[in-house]
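*Asks:* Kindly generate the corresponding structure for this input.
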Amino acid sequence: MSDFTDPQDEALRSARTLTFVIYALYAASFLVGITALVGLLLNYLKRDAVAGTWLDSHFRWQIRTFWIGLGLVLVGLITSFVLIGLPILLATAVWVIYRLVVGLLALNDHKAIVEGKWGLAA
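*Replies:* Purely as a prediction, here's the structure:
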């Protein structure tokens with residue numbers, strides 16, 4: 001048995017760990033909002049490292065989760081004074097949790113994410 005480790009395998013393993021950490025940062029943002037910004041920053045800084053791999057779909061999924069979620073939160077906050085904003089905020093939270101769970105399950109199975117309509121997994 002050889003002690004040789006393929007650098008590409010090691011890089012992919014490291015990128016997979018980073019992807020997990022980013023999901024955790026997004027999940028932690030429900031308690032400490034700034035962690036989502038840290039996760040987004042990591043997504044953009046490390047995007048080139050996962051380009052062309054199955055992890056690229058996870059980075060796209062995470063980035064879209066942030067921006068669409070932020071947009072929906074802003075709409076919810078703006079409309080909360082007429083009471084329609086509260087259901088929008090609740091639906092946004094459910095949608096973000098759904099995307100985090102789907103992403104983590106796919107990551108655990110070493111699978112890419114195929115995004116369908118309405119930001120749901122295909």
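*Asks:* tell me which residues in the helix or strand encompassing Arg64 are buried?
*Replies:* Element membership for Arg64, per DSSP states H and E: helix 55-79. By neighbour count, with 16 or more other C-beta atoms under 10 Å as the criterion, the buried positions of helix 55-79 are 55-63, 65-66, 68-69, 72-73, 76. Every residue, glycine included, has its C-beta placed from N, CA and C.
*Asks:* Whatever helix or strand comes next after it vs helix 55-79, what angle?
*Replies:* Scanning forward in sequence from helix 55-79 by DSSP H and E, the next helix or strand is helix 85-108. Inter-element angle recorded for helix 85-108 and helix 55-79: 170 degrees (by axes from the mean of the first three to the mean of the last three C-alpha atoms, to 10 degrees).
*Asks:* Now find how far off-centre helix 85-108 is within its chain.
*Replies:* Computed by C-alpha atoms, centre = their mean, to the nearest Å, the chain-centroid distance of helix 85-108 equals 10 Å.
*Asks:* Please work out which helix or strand belonging to this structure has the smallest mean pLDDT.
*Replies:* Within the chain, judged by mean pLDDT, DSSP states H and E, the helix or strand with the poorest mean is helix 7-28; its value is a mean of 92.
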